[in-house]
Each structure stands twice: as C-alpha cells, then as structure tokens.
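Colleague: dropping the sequence and predicted coords here.
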Amino acid sequence: MALRRGFGVVLALLSAAILISLAGVALLWIVTSRQPTVAEHSTLVLDLRTDLREASPDDVVQQFLAGRQPQTLSAVIENLRKAKIDKRIGAVIITPSGLQAPLWGKVQELRDAIVDFRRSGKPAIAYLEYGDDRTYYLATACSQIFLMPTSSLDLNGLASYDLFLRGTLDKFGVYPDFLHIGAYKTAANTFTEKTYTPAHREMSESLNRDMFDQLVRGIADGRKKNAADVQALIDQGPFLASEALRAGLVDGLAYYDQLDDRLKLPGGGDREVNTREYANVAARSLGLNKGPRIALIYAAGVIVSGESGYDAMSGPVLGSDTLIRHIRQVRDDGSIKAIVVRVDSPGGSAVASDAIWRELVITRDQKRDRPLVVSMSDLAASGGYYIAMAAPHIVAQPATLTGSIGIVAGKLVTGGTWGKIGANIESISSGRNAEIYSPARPFNDSERAELTASLESFYKQFVEKAAQARRMPFAKVDAVAQGRVWTGRQAKEIGLVDELGGLDRAIAVAKQRARIPADSDVEVVVYPPRRNVYELIAESFQAEDRAGLALSALLPAQDRRELAFLTAPLRLFRSGEPLALMPYMSIR
C-alpha cells in the first residue's frame, strides 16, 4: 500500500512539473509574441544560430527542451525583407558563426536575400567570431566582413564523406539483402558495400566538384576577385585572422563591441534590435503580405504513409495523408490565385510519394486557372523529385540536391546475429512468398524475382512520368535517371528543372502565370497553418518519442543527422517497403 501511495505521489509531482513547464512555455509564447517598439535609426542584428529548417517543430515540448523556438529560413528572410523597406532600420549586422545548416541550398537562398536587402542602399555587415566555408560564403554577400582578432578563417574547400557499414554488419552476422534499380541508386550502399562502387564514386566526385565551383564563384563575386585567385587562396587555407586580412578575405579585425566605432552605425550601438524581437514586427504593418492570395504548401521531411509528425532523430516527417488533406483544402479555396509547393525532402516511401503526386496532378488539371509551381530547397530528390514532377514549372537553387530517379528495397537479415548468441529462428508459413520479408534468411529466387519485377515496374513509371512532365523522350530521362543525384545547376542543364532561384523566384513565377502584376504584393497563405499554443500543448501530451528527443539533444547536429539516416529504414518504414529515397551525403 505504501509503495502504491509513493508511486502516486511521484506521478502527481511529475504531472505537476509538466503542467508548470507547459504553462511557462505558454506564457513565454504570449510575452514574446508582442510587437516590439523599434527606435529610429536602429540596427537589426541577425543572429544565425540556427539550422535553417523550413518550419518550426509543432511539438511544444521539443521547443521547450531546445530552450527556444528555432528560427526558420522563412522567418530570417522575412526579417530581411521587412528591414529593406522599414525606415526605422538603418543597417543590418549578420552574425553567422553559429550556423548549422547541413547542406547548401538554404544557405544560398539566405545569401540571395542579403544581396536583395543591400539593394535598398542600407549596409549589411558580417561579423564572424569564427568562419568556415558555409559561414564565410554567406558573409561574402555583405558589404563588409569583420573577423574576431583571435579567431581563424577555416576556408579549406569541400570534402564529402560516405559511411560504409558492410564490414561492421558482417562482424555481427547481419546480412544486408537489398535490390535497387539504377547504377547510381546508392541509398543501400551504406549497408551493402565496404567502399565506393565506380558509379557511386563518380556521382560523389561530380557533386563535390560542382559545389566547390559554386563556392568559389560566390566568394569571387562577393569579394570582387578572380575565381582562379579565390581557388588559389582556398588551397592556402585555413587562415589566421591576420592572414585573412592580408589576403583581402575580410575587411577588418575587431571585437563585436568595436564595430560601432569602426562603422559609425546609424543610431550607435545602443539601438540594436535582435532577430527574435524583429520577427514580431508584423509584415502587414509595413505594407507587405497584402494583395491576391497565393498558397504556399510546405512538403518538408522524409515521406511516409499516414500522418505528418516530428521524429526526434530525422526531424520533420511528411505524411501523405496530412499533405493530401492540405492540398485539397487549397484546391477548394476559391480565393487562392496560385499554388507554390516548397519541397525539402530526400524522398521516402514510394507509395506515399505517388499518392501525393496524384493529388497534385488532380489539383493542376482541375484548376488550370491556378498555376502550380514547385520551389526546391536543400533537397528534392527521389520521392521529393517525384512529387515535384506534378508542377509544370520547377525552380531550384544551384546547390539543391535533386534527381535520384530510382528505387530501392530490401531487408537486414539478422538470423546470423541470433545464431552468434545461441538463438534460432524457426517459422511456419502458408503461401509461396509468405516469408519474403523473413528476418532469418535472404530472399530466395522466387522472392527475388517478385521484388525485382515490382521495382522495375515502379522505376519505369517514375521515368515515364518524368518524361511526360519534362516533355522529354523516355530514353533521355532514363539516361539521366538511374538513381543519380544532381545539383540544381546540373539538373537545369539536363532539363530536370526549369530555372534557378529561391522561393521568392517561385512566387514571382506563380504571380506571372496567374496574371498578377509583378509590382503587386501578395498574401502568402501557408499550409500547414501554424497552430496556436493551446493546440500544441494539447498534442504534446500525446507525444511518443521523448526518449529519442532527449538522446538527439545530446548529439552534435552532424552526428544526429548521420544516425537518423542509418536508422530511418528501421524506424520510419515497413520492412521491405519500396523506397524512393536518396543516399545520405555529408558535405563539409
């Protein structure tokens, strides 16, 4: 009885702690949502300690554990867009040293936004406590770059890393039995190979070269240098602060408190407004986000069947049922003049990708007076490219990773693992292929033939749909498909995308096709709509993966992404489910 009473007390205390924490989050939400007072001649400070995700997690407990709500890419760009026309803002200081963006597409989009801000005539200054390739590339969009005197500029070039686990699996008695269509469909190579296959190496080298060329050209344009000279400088990196100054890579060495004396900022250093405060300045108060309505549908995350959610390791999970529901809401809304789908996905379930594609095709064909445009973010590959094919016009960043037109399926056979500890798996089944996904043995000839036929059929449909969408012969698409990943710049050259640019360019295209004047602003209606704090708190009690969330909070961002990829087939998909999923790529 005493034990039961003690357990009840502990449970009550735990429940009270959770309620108090959630109440605190709600109060913080309300307080921080108030529109701030911005003084004349203020300087906006954009602190980019963020991974530039497309949308904030809907899980309020995850936000609470993270310490604050993460900045999204759209929120940062919106701040720049507002500051460009806000007469109270005289300059912007950008501090990108805490940037954790794993890929390059979003970094390019933010860089473009900084360049656009500078068209106002207002200065944009970059301050680096530390600089690596990504943060320096971003900083070169600014009019001046300052580096902390005791820091370094680690401008070294780009290295790509691929992890191969076959040797490890062999030691544990695990046999990876995977099939794929396309020589470049390397998503399973992590498990099946001990090193690069020739096709895998060719693809990785091509992506690395193209990304490095984009890095060099961006720095050359920003610093007004010759591309060959920039490449030679990169070969000399990393740089001490004094060396970076002598090489003309930065404009000055200073501590943050010295910037005001160096720059004579309007209003002085005491009139600063930070990123999160300025985010609460309503765009409408500055005359933005008004006019004809354009729907912006976010398709972000690994694609699965069912409802969307948030995976502690992988981040956003894109559920086909959820996205289809939002597509139908947009289709039924007569006030919507155009539709932009923002894709940031490495793919996932082939079936779920096809279901989303179909719903977008229905919307495109039934509402021909409403143009459909796709904007590609960091990733729009495999299943991500599959859903993008529904749009007659595709806009991608030069660094977007896309393509990966192919399919893979298989299983990890763990019978050998159990045998190492004296265990044995026996089975009884009815039906010739009832044990096709048996964990105890590889596929037999009959099962392998059935699975191969299924994969070949899906691949053929994938290529046929791409050929029809891109108005290209089947053979031409098949030649650039084969599971190969391309950068956005490469994809434009081979016809898989239409033009290069970010979300703003996709919206401009949508306006043009909807016959909305180019100089007219528009109201962007976002789907899924942002839920209020009460809805988030209610759903937080139903969250399932608190242990995974706590584990992910302890891991560095890069390690968390790698672990998420390695474990995704076990956590997010059914055994043997055909996957239109791109391979994991780490570019540092």
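Modeller: Looks like it arrived, so ask away.
Colleague: may I ask which helix or strand of the chain has the lowest mean pLDDT?
Modeller: helix 60-66 (a mean of 43; mean pLDDT, DSSP states H and E).
Colleague: downstream of it, the next helix or strand is which one?
Modeller: helix 73-85 (DSSP states H and E).
Colleague: what's that next one packed up against?
Modeller: strand 42-47, strand 89-95, helix 105-118, helix 275-279, helix 503-513 (3 or more CB pairs under 8 Å, 6 or more residues apart in numbering; DSSP states H and E). Yep, even glycine has a C-beta here, placed from its N, CA and C like the rest.
Colleague: was I right about residue 131 contacting residue 98?
Modeller: No. Under the criterion of CB atoms under 8 Å, residue 131 makes no contact with residue 98, lying 11.7 Å away.
Colleague: between these two, which is the more surrounded one?
Modeller: Shown here are residue 131 and residue 98; by other CB atoms under 10 Å, residue 131 has more neighbours (28 against 13).
Colleague: so what's that one up against?
Modeller: 97, 139, 147, 151-155, 244 (CB atoms under 8 Å, 6 or more residues apart in numbering).
Colleague: tell me where the stretch 451-588 of the chain has helices.
Modeller: 474-480, 488-494, 503-513, 533-540, 546-554, 557-571 (DSSP state H, counting those that start in this stretch).
Colleague: got the contact list for the second one?
Modeller: Right, the one you point to is helix 488-494. Residues outside helix 488-494 that contact it (CB under 8 Å, 6+ apart): 105, 206, 210, 214, 376, 396-403, 480, 486, 497-500.
Colleague: if we can go back for a sec, could you export the contacts of residue 131 to TSV, including columns for neighbour count, distance to residue 280 and secondary structure?
Modeller: Shown next, in TSV, are the contacts of residue 131 (neighbours: other CB atoms under 10 Å; distance: CB to CB, whole Å; DSSP: H, G, I helix; E, B strand; the rest coil):
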residue	neighbour count	distance to residue 280	secondary structure
97	20	24	coil
139	30	26	helix
147	29	31	strand
151	17	32	coil
152	18	36	strand
153	26	34	strand
154	14	35	strand
155	24	36	coil
244	24	36	helix
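Colleague: among those residues, find the lowest-pLDDT one for me.
Modeller: Within the contacts of residue 131, pLDDT reaches its minimum at residue 97, with 92.
Colleague: residues contacting residue 509?
Modeller: Counting by CB under 8 Å, 6+ apart, residue 509 has contacts 371, 373, 393, 395, 499.
Colleague: so the first one sits against residue 392, correct?
Modeller: Yes. Residue 371 is in contact with residue 392 according to CB under 8 Å; the separation is 7.5 Å.
Colleague: who has more neighbours, the two?
Modeller: residue 371 (23 against 15).
Colleague: what residues sit buried inside stretch 467-479?
Modeller: Buried residues in stretch 467-479, counted by 16 or more other CB atoms under 10 Å: 467, 469-470, 472, 477-478.
Colleague: do stretch 137-144 as well
Modeller: 137-142, 144.
Colleague: repeat for stretch 347-358
Modeller: Those would be 347-357, for stretch 347-358 by 16+ other CB under 10 Å.
Colleague: quick check, nearest of those residues to residue 457?
Modeller: residue 350 (10.7 Å; CB to CB).
Colleague: next one, pLDDT for the closest one please.
Modeller: Listed pLDDT for residue 350 reads 95.
Colleague: quick check: which ranges of the stretch 401-550 of the chain have low pLDDT?
Modeller: 531-550 (pLDDT under 70).
Colleague: strands of that one, start to end?
Modeller: Taking DSSP state E, counting those that start in this stretch to define them, one finds strands in the stretch 401-550 of the chain at 401-403, 407-413, 485-487, 499-500, 523-527.
Colleague: out of those, flag the one nearest residue 448.
Modeller: Nearest of the strands of the stretch 401-550 of the chain (CB to CB): strand 407-413, 10.1 Å.
Colleague: which strands and helices sit next to the closest one?
Modeller: Against strand 407-413 (3+ CB pairs under 8 Å, 6+ apart) you get strand 175-181, helix 445-470, strand 579-581.
Colleague: and for it, what's in contact with it?
Modeller: Contacts for strand 407-413 (CB under 8 Å, 6+ apart): 169, 174-182, 185, 187-188, 191, 350, 437-443, 451, 454-455, 458-459, 462, 483, 569-570, 575-581.
Colleague: quick one: residue 50 and residue 97 touch, right?
Modeller: No. Using CB under 8 Å, residue 50 is not in contact with residue 97, being 11.7 Å away.
Colleague: report how many residues lie close to residue 210.
Modeller: 17.
Colleague: got the angle for the helix or strand harbouring it vs helix 105-118?
Modeller: Per DSSP H and E, residue 210 falls inside helix 198-223. Put simply, helix 198-223 runs at 20 degrees to helix 105-118, going by axes from the mean of the first three to the mean of the last three CA atoms, to 10 degrees.
Colleague: so for helix 198-223, mean pLDDT?
Modeller: 97.
Colleague: I'd like the next helix or strand past that helix.
Modeller: helix 227-236.
Colleague: and the contacts of that next one?
Modeller: So helix 227-236 is in contact with 155-157, 216-217, 219-220, 223, 247, 249, going by CB under 8 Å, 6+ apart.
Colleague: in PyMOL, how would I select the buried members of those residues?
Modeller: A single PyMOL command is used to select the members of those judged buried by 16+ other CB under 10 Å:
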select buried, resi 155+216+219+220+223+247+249
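Colleague: just to revisit the earlier point, which strands and helices sit next to the helix holding residue 210?
Modeller: Using 3+ CB pairs under 8 Å, 6+ apart: helix 198-223 touches helix 105-118, helix 133-139, strand 160-161, helix 227-236, strand 485-487, helix 488-494, strand 586-587.
Colleague: at 10 Å instead, please
Modeller: Packed against helix 198-223 by the contact rule (3 or more CB pairs under 10 Å, 6 or more residues apart in numbering; DSSP states H and E) you find helix 105-118, helix 133-139, strand 160-161, helix 227-236, strand 401-403, strand 485-487, helix 488-494, strand 586-587.
Colleague: mind exporting the second one as PDB, just the C-alpha atoms?
Modeller: Extracted in PDB, the C-alpha atoms of helix 133-139 (Å, rounded to 0.1, in the frame of the first residue of the first chain):
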ATOM      1  CA  ASP A 133      33.300  27.600 -45.700                       C
ATOM      2  CA  ARG A 134      29.500  28.000 -45.300                       C
ATOM      3  CA  THR A 135      29.500  31.000 -42.900                       C
ATOM      4  CA  TYR A 136      32.200  32.800 -45.000                       C
ATOM      5  CA  TYR A 137      30.300  32.100 -48.200                       C
ATOM      6  CA  LEU A 138      27.200  33.700 -46.600                       C
ATOM      7  CA  ALA A 139      29.300  36.600 -45.300                       C
END
